[in-house]
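Chemist: this one's structure only:
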């Protein structure tokens, strides 16, 4: 896991790249919780990568990264480290005051 703070003018965003299952689960749980109980909007984005094909198999576009951002924090997860996404994003883990967009 590595974390960097990115300054944008007077604001900053803390970006965390998580690779380990336990780190990913813990950080996603923290990210989707809302301890302040205020409206929280979370942006969800993905990045794709191309896998070069050959004469038998065409070039493929695969999902490479999942990114969550709430304006203060950004969580970046290489998807090859997540065998299944559904348990991480179960509705029981998302606070009612959080909205994924």
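Modeler: Thanks, I have it. Keep in mind it's a predicted model, so treat the numbers as computed, not measured.
Chemist: use CA for all of it now, contacts and neighbours both
Modeler: OK.
Chemist: separation between the residue lying closest to residue 78 once chain neighbours are set aside and residue 38?
Modeler: In this structure, residue 78 finds its nearest non-sequential neighbour in residue 65, 4.5 Å apart by CA to CA, 6 or more residues apart in numbering. With distances taken as CA to CA, to the nearest Å, residue 65 is found 28 Å from residue 38.
Chemist: please say which of these two ends up with more neighbours.
Modeler: Counted by other CA atoms under 10 Å, residue 65 and residue 38 do not tie: residue 65 has more neighbours, with 17 against 10.
Chemist: now the helix or strand encompassing that one: mean pLDDT?
Modeler: Assigning secondary structure by DSSP states H and E places residue 65 in strand 60-69. Mean pLDDT, computed over strand 60-69, is 82.
Chemist: lowest-pLDDT helix or strand in the protein?
Modeler: strand 98-100 (a mean of 69; mean pLDDT, DSSP states H and E).
Chemist: state the pLDDT value of the spatially closest residue to residue 18 that is not a sequence neighbour.
Modeler: In space, and not counting its chain neighbours, residue 18 is closest to residue 1: 4.6 Å by CA to CA, 6+ apart. Predicted confidence (pLDDT) at residue 1: the value is 83.
Chemist: so what's residue 1 up against?
Modeler: Residues in contact with residue 1 (CA atoms under 8 Å, 6 or more residues apart in numbering) are 16-20, 23.
Chemist: farthest-apart pair in those residues, please.
Modeler: 16 and 20 (12.0 Å; CA to CA).
Chemist: contacts for the strand holding residue 65 next, please.
Modeler: Here strand 60-69 makes contact (CA under 8 Å, 6+ apart) with 42-53, 74-80.
Chemist: just the buried residues from the residues you listed, in PyMOL please.
Modeler: Isolation of the buried members of those (16 or more other CA atoms under 10 Å) is achieved in PyMOL through the command below:
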select buried, resi 42+74+75+76+77+78+79
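Chemist: among the contacts of strand 60-69, name the ones in strands.
Modeler: Among these, the ones falling in strands (DSSP state E) are 42-51, 74-78.
Chemist: and of those residues, the nearest to residue 12?
Modeler: Of these, the one sitting nearest to residue 12 (CA to CA) turns out to be residue 74, at 10.7 Å.
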